[in-house]
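>>> structural data only, the sequence is not supplied:
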């Protein structure tokens, strides 16, 4: 029987979610993302004051979204949710809307959707040999506006443009300089430093923490697109999904070769 894709641990007022697919570099699956949503939804009414998300093992936080994975054993309630939104959006929204701060403990590299998941968190504490990047342009994909807005809020317009237009893989000091990670820590101290931050936050007044996070989310919501602009953005995303370039980008990635894009 395969291991659970997400491990959930609670100690005092701290909840830890562990992305648990080390043999697949902790690649995000629909099932794992649904479980993140469920764990955070249940924890929102519990005595939790801080959440830590990390990857299993020491190699990767997560290599990104595993598009080949198909959700299994989906309940009727889960299917009703998935009819309205994607597993990825469910997980991202549950992180952003969780009443208390969420910390990404980046114990290894994070690319694509995993990099975005880390950006959705309130803090990012990273091992000092971290590598991160966003590669949709290399795959022929137009990244969706909500994700781009998350990056703009964290690293600003110019760094977001650089990250998404170049599809670079950034090293630790570059990530710290651009503000994508808050702190770089030697591997042997990463867990100690991360849990010390979580405990420091958790000892503060819950109403203050909850209120300030809610206000920050309200302020961030002013950057959302109006319905007409959202529709225009969605059309661009869908056009790329239906393109030959996306098929070529995915094939080139799997075959480990340079893609031959034709703009079609």
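Thanks, I have the structure now. Remember, it's a predicted structure, so these values are computed and weren't measured experimentally.

>>> report the separation between residue 101 and residue 91.
17 Å (C-beta to C-beta, to the nearest Å). In this view, the C-beta of every residue, glycine as well, is placed from N, C-alpha and C.

>>> mind checking which of these two has more residues around it?
residue 91 (27 against 21; other C-beta atoms under 10 Å).

>>> wait, that one touches residue 36, no?
Yes. Counting by C-beta atoms under 8 Å, residue 91 does reach residue 36; the two are 4.3 Å apart.

>>> mind listing the shared neighbours of these two?
Residues touching both residue 91 and residue 36 (C-beta atoms under 8 Å, 6 or more residues apart in numbering): there are none.

>>> what strand or helix carries residue 40?
In the assignment (DSSP states H and E), residue 40 maps to helix 30-43.

>>> quick one: find the helix or strand in this structure with the lowest mean pLDDT.
Using mean pLDDT, DSSP states H and E, helix 76-82 stands out as the lowest-scoring helix or strand of the chain, at a mean of 59.

>>> which other residues reach the helix or strand following the helix holding residue 40?
Toward the C-terminus, helix 30-43 is succeeded by strand 50-55 as the next helix or strand (DSSP H and E). Residues outside strand 50-55 that contact it (C-beta under 8 Å, 6+ apart): 13-19, 22, 26, 36, 40, 43, 61-62, 95, 98, 100-108, 117-118, 121, 194-195, 198-199, 201-202.

>>> what pLDDT does the residue positioned nearest the centre of the chain get?
By C-alpha atoms, centre = their mean, the chain has its centre lying nearest to residue 117, at 0.7 Å. Looking at residue 117, its pLDDT is 98.

>>> repeat for the one 10 residues further on
Here the pLDDT value assigned to residue 127 is 98.

>>> how near is it to residue 218?
33 Å.

>>> who's more crowded, these two?
Neighbours around residue 127 and residue 218, counted as other C-beta under 10 Å, are more numerous at residue 127. The numbers are 22 against 9.

>>> I figured that one hits residue 187, correct?
Yes. Using C-beta under 8 Å, residue 127 is in contact with residue 187, at 4.9 Å.

>>> what's the overlap in contacts for these two?
residue 107.

>>> could you look up the SS state of the residue nearest to the centre of the chain?
helix (DSSP: H, G, I helix; E, B strand; the rest coil).

>>> what's the distance between it and residue 186?
Distance from residue 117 to residue 186, by C-beta to C-beta: 23 Å.

>>> over to residue 119?
From residue 119 to residue 186 the distance is 23 Å (C-beta to C-beta).

>>> more neighbours: which of these two?
Neighbour count, other C-beta under 10 Å: between residue 119 and residue 186, residue 119 has more, with 22 against 10.
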